Every structure is written in C-alpha cells, then in structure tokens.
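Trainee: model the structure of this input:
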Amino acid sequence: MWRNALALSQVSRRTISTASRRQAENRVPEGQKLFQEDNGLPVHLKGGAKDSLLYTTTAGLTMFGTAYALYFLLISSMPKKPN
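Mentor: Model prediction:
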C-alpha cells in the first residue's frame, strides 16, 4: 500500500511540474489605448455596448430600490386604521 501511494505521488508531481505552460498574449496595451483615447465618453462607458447596458441596469435598479425603500418608509410611518 505504501509503495502505491509513493508511486502515485511521484507520478502526480511529475505531471504537474512538466506540464507545458500556454503563453498568453499580452492584451494590456490594447486596453490602455482604448481607455486613454479622448473621445468624450466617461471612462465607465468606454467599453462599448456591454458597459452601457451594465451602467443603465445598475442605475435603474438603484433608482427602483431607492423608490421602493422610500415607499415602504412612508407606509410604515402611517398609523394603521382601526377596523
């Protein structure tokens, strides 16, 4: 049993340490060019349609949540009418 565990640890160590690493392309300069470009857009909208959708959704949910909280604050501040 000990021999099997030792063999397994050697095999697992060998496969992890000799695994070839994929070289990832450096895309940081592309992002820097995009976000440093002076095109009149705020930085949170320079990513395109996805950023615009995320911003609009977040702003809408924030406004809805604020209105919902204020509504319930108003409702809870009113005394209940006796039946």
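Trainee: now the most centrally placed residue in the chain: how far from V43?
Mentor: In the chain, the centroid-proximal residue (C-alpha atoms, centre = their mean) is L54; its distance is 10.7 Å. Remark: distance between L54 and V43 (C-beta to C-beta, to the nearest Å) = 13 Å. C-betas here are computed from N, CA, C, even on glycine.
Trainee: with Y55 instead?
Mentor: Distance, Y55 to V43, by C-beta to C-beta: 11 Å.
Trainee: mind checking which of the two has more residues around it?
Mentor: More crowded of Y55 and V43, by other C-beta atoms under 10 Å: Y55, with 14 against 9.
Trainee: in the protein, which spans are strands?
Mentor: Assigned by DSSP state E, the strands in the chain number zero.
Trainee: low-confidence ranges in it?
Mentor: Flagging of the chain using pLDDT under 70 yields the residue ranges 11-21.
Trainee: pull the longest helix from it.
Mentor: Looking across the chain with DSSP state H, the single longest helix is helix 49-77.
Trainee: for that one, buried residues please.
Mentor: Neighbour-count burial for helix 49-77, counted by 16 or more other C-beta atoms under 10 Å, picks out no residue.
Trainee: tell me how far it lies from the chain's centre.
Mentor: Per C-alpha atoms, centre = their mean, to the nearest Å, the displacement of helix 49-77 from the mean C-alpha position of its chain is 19 Å.
Trainee: could you count how many residues lie near K46?
Mentor: By other C-beta under 10 Å, 15 other residues sit near K46.
Trainee: make sure it is actually in contact with L34.
Mentor: Yes. Between K46 and L34 there is a contact under C-beta atoms under 8 Å: 6.2 Å.
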